[in-house]
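Undergrad: dropping a prediction and its sequence here:
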Amino acid sequence: MTDCHHESKLKVNFRIDIPLDVTPIRCAWCGSDPLYVAYHDCEWGMPERDPRALWEKLMLDGFQAGLSWITILRKREAFRAAFAGFDPAIIARWGEPEVARLLTDAGIVRHRGKIEATIGNARAFLAIEERESFSDFLWRHVDGRPVQNRFAAMSEIPTESAAARALSKDLKAHGFRFCGPTITYAFMQATGMVNDHLVTCMAHDRCAALG
């Protein structure tokens, strides 16, 4: 049994009940780490439409560059505390004093380029939001609906796609940094724009139904 509390403005809460005599089949990448298993079961591949939640995930994926996602996941609460709950309106006003503070925070990834990019990306987010929802800006790259893949093995799953490359190009054109096509594809998988749970995984059909 997995208790899931998907934190976004939508507050989607649910429980996955697995009979005691049944071994759950999951995507192999989450292993047996309880934090990673909960993330797989409750967040990864769940269609996310909240602009702020989407922006936060994109920023964290940028910090992941060169690292493993479990490293970022273990630091996520520290990131949220350090970055004012990932409120773009607050972060967009930051400058060198805040960068200097963050570079001393051992709870996060202390990378000047990524920290400065997050501040710039907050400003880019606000500029988009003046014209349209950031969620609409992102989701139009998959025509507003999740891409439902049916991969049977991890080796079949790509690291980028044409849609991810187009999204990366669009984000960069609007001033975003640390958003290459590998990052944007991982982001699309995580936020349910693409359903890349294996067809054998217990979460595949659930995410497909939510999509």
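TA: Thanks, I have the structure now. Numbering: from 1, shown residues only.
Undergrad: so which elements touch the helix or strand containing residue 187?
TA: Taking DSSP states H and E as the criterion, residue 187 maps to helix 181-190. Counting contacts by 3 or more CB pairs under 8 Å, 6 or more residues apart in numbering; DSSP states H and E, helix 181-190 is packed against helix 51-64, helix 162-173. C-beta coordinates here come from the backbone N, C-alpha and C atoms, glycine included.
Undergrad: direction included, what does the next helix or strand after it pair against?
TA: Following helix 181-190 in sequence order, the next helix or strand is strand 194-195 (DSSP H and E). Its sheet considered, strand 194-195 pairs with strand 147-148 (parallel) by DSSP bridges.
Undergrad: show me what the partner strand is in contact with.
TA: Outside strand 147-148, the residues that touch it by CB atoms under 8 Å, 6 or more residues apart in numbering are 163, 188, 193-195, 208, 211.
Undergrad: of these, which is the nearest to residue 178?
TA: Among the contacts of strand 147-148, residue 188 lies closest to residue 178 (CB to CB), at 15.4 Å.
Undergrad: helices of the protein, start to end?
TA: Counting by DSSP state H, residue ranges of the helices within the chain are 34-42, 51-64, 69-82, 88-91, 96-102, 112-129, 134-139, 162-173, 181-190, 204-210.
Undergrad: residue 120 and residue 179 touch, don't they?
TA: No - taking CB atoms under 8 Å as the definition, residue 120 is not a contact partner of residue 179, at 11.2 Å.
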